[in-house]
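# Model the structure of this input:
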Amino acid sequence: MGKRDYYDVLGVQRGAPSGDIKKAYRKLAMQYHPDVTKEDPKEAEEKFKEISEAYEVLADENKRKLYDQYGHAGVSSQFQNGNFNWSDFSHFGDIRDIFGDLGGFGSIFDMFFGGGHQQQRTRGRDMRMDIEVTLEEAFTGTKKRITVPKFEECTTCKGTGAKDAKVVTCPDCGGSGQVRRTQSRGFAQFVSVGQCSKCQGTGKAPGTLCPECDGRGMIQRTTQIELNIPKGVESGSRLRIPGAGEAGRPGERPGDLFVGIYVKEHDVYRRDGADLLMDVAVSYPTIALGGDIDVPTLDGTAKVAIPPSTQPDTVFRLKGSGMPRGDIRGDLYVRVKLKVPRRFNSEQKELLKRLAEIEEQQNNGPFSRFRKKR
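Prediction:
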């Protein structure tokens, strides 16, 4: 079963402002909160994940633009494994705002997703961004320099968030990295264990906050990265640059950068995998009598022999003149279109009238309507 339209999932119109999208998500998230939902727990889990996936895309300006243009295929590259999971969700601050008053933020993901959100990371967060290339660049391969704003380890505190890199045992969790939360439901109490928000599960917290990063352990910086775009790349392809994502906690390796590549539409060619299709306008004399025409290719020109009496929309195949795919190339398909001049001089008109008369005499051909009574 295919995915539902993200706008339908949140119950908003296309073009809805960001405030309406957040309001719709808040309403649905409250509806499927584990303390208040009347849904089956498994169904509630799937529903909550579905609305969160829709919100992840529509609340982000770039992801929303890709979705509006390409649908679900346009945003699949934004997700680490091609499909949404909680490691792709970047709006936990909004969830904290929604559920903070209920005391259920830490337990929501424990109850719904087995604590998957609360597990300590083993590396920094992956990042995703998109670039566009022309068909010519996709044909030859190219290099692209991109600017990546990301969080990197604060060199002053070495990522600890503490002044002089001195940390102490976390006072909130006692160094365990986890905290227990108790919720009352009628006469029953439910206890959940989640990651400590103060130390992020490390068990260590800054004694005095680092003045450079205000205790975050990271500083946002801008990095220039040069990408090698391979020849023959297809729209929707994704490049992975290991270690180019955000910094992890001290001792962890950084995340990866995933770059989605989208090939712009071309004025002449339409692409189908490694094959290209183009339309070429050919004059009536050449279509009728035959002749050679020159057609542009991505690496020069090629001659196409037009046989006599070629019909419009006839397609000729130029083998090996398409896009590269490994060591081979696809084909270029040339579709013939009849070129009709917008204006005729007197000589051309007379010739057409004469041709119309001949056609009418022979088989009442299609040019008979051009003949005028004299």
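# got a list of what Ile328 touches?
Ala274, Gly320 (Cβ atoms under 8 Å, 6 or more residues apart in numbering). Yep, even glycine has a C-beta here, placed from its N, CA and C like the rest.
# Mind pulling the model confidence for it?
Looking at Ile328, its pLDDT reads 92.
# could you point out which element follows the lowest-mean-pLDDT helix or strand in the chain?
None of the helices or strands of the chain scores lower by mean pLDDT, DSSP states H and E than helix 105-113, at a mean of 47. Proceeding N to C from helix 105-113, the next assigned helix or strand is strand 127-133, under DSSP states H and E.
# what's that following strand packed up against?
Counting contacts by 3 or more Cβ pairs under 8 Å, 6 or more residues apart in numbering; DSSP states H and E, strand 127-133 is packed against helix 61-70, strand 142-153, strand 257-263.
# Run through who's touching the longest one.
Residues lying outside strand 142-153 but in contact with it, judged by Cβ under 8 Å, 6+ apart, are 127, 129, 131, 133, 159, 217-229, 244-247, 250, 257, 259.
# Same check on the first one?
For helix 61-70, the external contacting residues (Cβ under 8 Å, 6+ apart) are 6, 14, 56-58, 74-75, 78, 129-130, 236, 260, 262.
# filter these to the buried ones?
Neighbour-count burial (16 or more other Cβ atoms under 10 Å) applied to the contacts of helix 61-70 gives Tyr6, Glu56, Val57, Leu58, Gly74, Val75, Gln78, Met129, Asp130, Gly260, Tyr262.
# looking at the helices and strands packed on strand 127-133, which has the lowest confidence?
Ranked on mean pLDDT, the bottom entry among these is helix 61-70, at a mean of 84.
# Could you tell me the average pLDDT over stretch 126-141, please?
Mean pLDDT, stretch 126-141: 94.
# Alpha carbons of it, as CSV, please.
Backbone C-alpha positions of stretch 126-141 (Å, rounded to 0.1, in the frame of the first residue of the first chain) are rendered in CSV as follows:
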residue,chain,number,x,y,z
ASP,A,126,23.7,12.6,9.9
MET,A,127,22.9,15.5,7.7
ARG,A,128,21.0,15.8,4.4
MET,A,129,20.9,18.4,1.7
ASP,A,130,20.1,18.6,-2.0
ILE,A,131,21.8,20.1,-5.1
GLU,A,132,20.8,20.5,-8.7
VAL,A,133,22.9,19.7,-11.8
THR,A,134,22.3,20.3,-15.5
LEU,A,135,21.9,17.4,-17.9
GLU,A,136,25.2,18.3,-19.5
GLU,A,137,26.9,18.1,-16.0
ALA,A,138,25.2,14.7,-15.4
PHE,A,139,26.5,13.6,-18.8
THR,A,140,30.2,14.4,-18.3
GLY,A,141,30.3,14.2,-14.5
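# Tell me the predicted confidence for Arg240.
pLDDT for Arg240: 91.
# Hmm, it is touching Gly255, no?
No - in this structure, Arg240 is not within contact of Gly255 by Cβ atoms under 8 Å, at 10.7 Å.
# care to break the chain down by domain?
1-119, 123-150+217-264, 270-340, 345-374 (automatic domain parsing).
# hmm, back to that, looking at the helices and strands packed on strand 127-133, which is buried most?
Among the helices and strands packed on strand 127-133, the stretch with the highest mean neighbour count (mean count of other Cβ atoms under 10 Å) is strand 257-263, at a mean of 21.
# Check which helices and strands it is in contact with.
Partner elements for strand 257-263 (3+ Cβ pairs under 8 Å, 6+ apart): strand 127-133, strand 218-229, strand 237-241.
# what about the strands in the stretch 151-300 of the chain?
167-169, 178-185, 188-195, 204-206, 218-229, 237-241, 257-263, 270-272, 275-283, 291-297, 300-306 (DSSP state E, counting those that start in this stretch).
# Nearest approach to Ser346 belongs to which of the ones you listed?
Nearest of those to Ser346, taken as Cβ to Cβ: strand 275-283 at 18.5 Å.
# Pull out the buried residues from the closest one.
Asp275, Leu276, Leu277, Met278, Val280, Val282.
# Next: stretch 15-22.
Neighbour counts over stretch 15-22 (16+ other Cβ under 10 Å) mark Ile21, Lys22 as buried.
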